[in-house]
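1. below are the sequence and a predicted model; questions follow.
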Amino acid sequence: MATILLGAQWGDEGKGKVVDHLSASADLVVRFQGGNNAGHSLWVGGKKTVLHLIPSGILHPRTRCLIGEGVVLDPQVLFHEIAGLKQAGVFRDERERILVSERAHLILPVLKEVDLIRESSSRGTSGHIGTTGRGIGPAYEAKARRIGIRVIDLYSDDTTLLGKLDRLHEAYAHHFEPATLSEIRERTWALISGFRRDLAPLMVDSTALLKQAHDSGQEVLFEGAQGVMLDLDHGTYPYVTSSFTTAPSAGIGAAYPKILRSSRVIGVAKVYLTRVGSGDFPTEMRGDHDPDEVRIGESIRKAGGEFGATTGRPRRIGWQDLVALRHAVEVGGIDEIALMKGDVLCGIEELQGVFKVATAYETPDGLRMDRFPARAEELSRLKPLYETFPLWKHAHPDDPAFATLMSRIEHFTGVPVRFVGFGPEREQILER
Ligand code: GDP
Ligand code: IMO
Ligand code: MG
């Protein structure tokens with residue numbers, strides 16, 4: 001049986017926590033897209049673990065973790081993460097727990113440099129994406145240009161590999177002074193022998209692995225990164241990531257789609273909204289419609305610890321947006337919702353006992369809009385039309401105010417709220 005878990009907003013919904021919870025009964029957890037732009041936080045027994053690449057099932061000793069071919073893999077980050085987990089006593093031998101698809105594309109130094117150069121040269125313009133600067137966009141771009149380097153390429157003879165590396169570096173040469181490019185090339189070649197040595201024991205034919213898991217009836221959990229609203233096709237393009245974050249992406253980024261035929265898809269959503277990087281969202285607490293919103297947003301950021309797990313950037317805060325959530329449910333293929341972080345709002349005085357949820361927008365021409373628009377420039381011009389809900393005392397289905405919010409979400413999106421998160425710790429989640 002397979003389960004796919006996705007972010008239903010703009011990332012950082014609490015996916016790591018839900019994956020950790022579900023992994024108690026999973027044989028295999030598979031990351032199928034994204035790279036170390038992700039930051040998934042797990043709290044177990046008062047101890048925090050942040051994972052960028054390794055799937056969030058790793059803290060369960062019985063669970064193996066696969067990095068699928070849809071992922072763009074920075075080997076330096078992988079080995080750093082492995083060393084940290086070893087030091088924390090999570091495992092002694094990574095070969096027993098971590099597997100890497102031979103077809104996954106590598107993030108090499110030149111791709112990280114290009115990401116940073118593009119970010120700094122576009123600052124202050126509408127072309128600035130506010131990426132995590134980890135080389136994700138350039139790595140997917142190189143893959144689509146058919147000049148990418150894959151894990152398996154490391155095991156070609158030197159001449160073949162050097163030829164591929166030359167082609168990659170030449171394609172981006174215009175970004176650099178010749179001396180800088182030479183330095184990057186040399187630095188990359190110096191890293192290769194370590195990558196070859198350390199990746200070899202982890203490398204697998206993931207199709208064979210997943211087929212075997214399927215045929216022997218294993219529980220497989222597919223862990224999404226980012227969120228549906230950051231999907232390359234269905235998100236707020238161009239302010240998105242460079243991979244596909246919806247459920248069908250699991251069948252492409254982990255190569256045995258038959259295993260997904262009877263899968264269930266869980267979409268993780270926070271009670272409120274956050275976003276890091278550029279790109280508008282209609283319900284952001286910017287204060288244009290209500291000056292108190294800025295203070296409310298600051299309190300939520302503080303109470304919810306809303307700072308990027310990867311870059312440390314403050315996350316922008318907004319009210320819940322059911323038009324956006326329904327869009328995510330539809331395009332993401334979501335069957336059920338995990339509703340997280342309702343506990344964060346309980347002590348926030350600035351809310352004055354009221355929580356707002358957008359259920360439609362009004363255009364500048366005064367027209368009502370019920371669907372999420374395709375044009376990103378439109379988003380800041382839309383006025384959200386809110387329904388108000390009494391604030392709950394406990395983020396729990398037995399709390400009448402929280403139950404009212406949950407049933408509104410279910411009615412609006414057409415899917416049930418199956419999980420409720422009420423704190424960061426492993427045990428602070430309930431399944432209905
Ligand atoms: P991810 O990228 O979707 O895995 O989410 P992040 O780990 O980037 O951000 C979610 C943050 O919220 C983390 O610090 C989690 O520990 C925390 N968290 C997750 N679920 C809950 C919850 O239900 N309540 C509270 N208070 N914190 C939560
Ligand atoms: P998790 O898995 C939140 C955002 C960046 C930027 C855009 C493109 O922890 O939810 P990229 O580096 O991917 O080219 O940046 O996407 N972004 C995320 N925002 N959570 C993430 O991951 C994100 N990964 C990328 O901030 O706006
Ligand atoms: Mg995150």
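-> Perfect, I can see it now. Given the structure is predicted, the values throughout are model-derived calculations rather than measurements. Numbering: from 1, shown residues only. Ligands and ions are numbered 1, 2, ... in the order given.

2. so which bits of the stretch 1-150 of the chain are right by ligand 2?
-> Residues of the stretch 1-150 of the chain lying close to ligand 2 (C-beta under 6 Å from any ligand atom) are 7, 11-12, 37-40, 129-132, 134, 136-137. The C-beta positions use only the backbone N, C-alpha and C, and glycine is treated the same way.

3. and if we set it to 8 Å?
-> Applying C-beta under 8 Å from any ligand atom, we find that the stretch 1-150 of the chain lies next to ligand 2 at 7, 10-13, 15-16, 34-35, 37-40, 115, 129-134, 136-137.

4. same check on the stretch 251-400 of the chain?
-> Contacts of the stretch 251-400 of the chain with ligand 2, taken as C-beta under 8 Å from any ligand atom, map to 274, 275, 276, 277, 278, 279, 308, 309, 310, 311, 313, 315.

5. and the protein, what are its domains?
-> Split into domains by automatic domain parsing, the chain comes to 2-102+204-266, 105-199, 270-431.

6. single out the most deeply packed of those domains.
-> Of all those, domain 2-102+204-266 carries the top mean neighbour count, a mean of 21, counting by mean count of other C-beta atoms under 10 Å.

7. and it, is it in reach of ligand 1?
-> Yes - using C-beta under 8 Å from any ligand atom, domain 2-102+204-266 reaches ligand 1 at 7, 11-19, 38-43, 48, 50, 56, 225, 227.

8. so which of these belong to strands?
-> 7, 40, 41, 42, 43, 48, 50 (DSSP state E).

9. could you work out the most separated pair of the residues you listed?
-> Across these, the longest distance by C-beta to C-beta is 19.4 Å; it joins 7 and 48.

10. first to last residue in stretch 148-157, what's the distance?
-> In stretch 148-157, first residue to last residue: 17 Å (C-alpha to C-alpha, to the nearest Å).

11. so what touches the helix or strand encompassing residue 142?
-> In the assignment (DSSP states H and E), residue 142 maps to helix 136-144. Contact partners of helix 136-144, identified using C-beta atoms under 8 Å, 6 or more residues apart in numbering, comprise 34-37, 72, 105-107, 110-112, 114-115, 118, 129, 131, 148-149, 168, 171-172, 241-243.

12. now do it, average pLDDT.
-> Taken as a whole, helix 136-144 has a mean pLDDT of 98.

13. same question, stretch 19-39
-> On average, the pLDDT along stretch 19-39 is 98.

14. circling back to that earlier point, CSV please, covering the residues of the stretch 251-400 of the chain next to ligand 2 and showing secondary structure and distance to residue 160.
-> Output for these, formatted as CSV (DSSP: H, G, I helix; E, B strand; the rest coil; distance: C-beta to C-beta, whole Å):
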residue, secondary structure, distance to residue 160
274, strand, 45
275, strand, 43
276, coil, 39
277, coil, 37
278, coil, 39
279, coil, 40
308, coil, 39
309, coil, 38
310, coil, 34
311, coil, 36
313, coil, 40
315, coil, 44
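
15. now narrow those to whatever sits close to ligand 1.
-> Applying C-beta under 8 Å from any ligand atom to those, one finds that 308, 309, 310 fall near ligand 1.

16. residue 402: which of those residues is nearest?
-> residue 309 (26.0 Å).

17. now the closest one: how far from ligand 3?
-> 4 Å (C-beta to the ion, to the nearest Å).

18. please name the nearest non-neighbouring residue to that residue.
-> Closest residue in space to residue 309, ignoring its immediate chain neighbours: residue 39 at 2.7 Å, by C-beta to C-beta, 6 or more residues apart in numbering.

19. so what's that neighbour up against?
-> By C-beta under 8 Å, 6+ apart, residue 39 lies in contact with 12, 50, 51, 52, 308, 309, 310.

20. give me that answer again for 6 Å
-> Shown in contact with residue 39 (C-beta atoms under 6 Å, 6 or more residues apart in numbering): 50, 52, 309, 310.

21. need the residues you listed in TSV with distance to residue 161 and pLDDT, can you?
-> What follows is those, written out as TSV (distance: C-beta to C-beta, whole Å; pLDDT from 0 to 100):
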residue	distance to residue 161	pLDDT
50	32	97
52	26	98
309	34	82
310	30	84
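
22. please report how far the closest residue to residue 393 other than its chain neighbours lies from residue 290.
-> Leaving aside its sequence neighbours, residue 393 sits nearest to residue 399 (C-beta to C-beta, 6+ apart; 5.7 Å). Noted for residue 399: a distance of 26 Å to residue 290, by C-beta to C-beta, to the nearest Å.

23. of the contacts of residue 39, closest to residue 124?
-> Nearest to residue 124 among the contacts of residue 39: residue 310, at 22.7 Å, using C-beta to C-beta.

24. for the stretch 201-350 of the chain, which segments are assigned as strands?
-> Listed in chain order, the strands of the stretch 201-350 of the chain (DSSP state E, counting those that start in this stretch) span 203-204, 220-223, 264-270, 273-275, 316-318, 320-321, 336-340.

25. hang on, the earlier thing: which member of the residues of the stretch 251-400 of the chain next to ligand 2 is positioned nearest residue 404?
-> Taking those together and measuring to residue 404 by C-beta to C-beta, the closest member is residue 274, at 23.0 Å.
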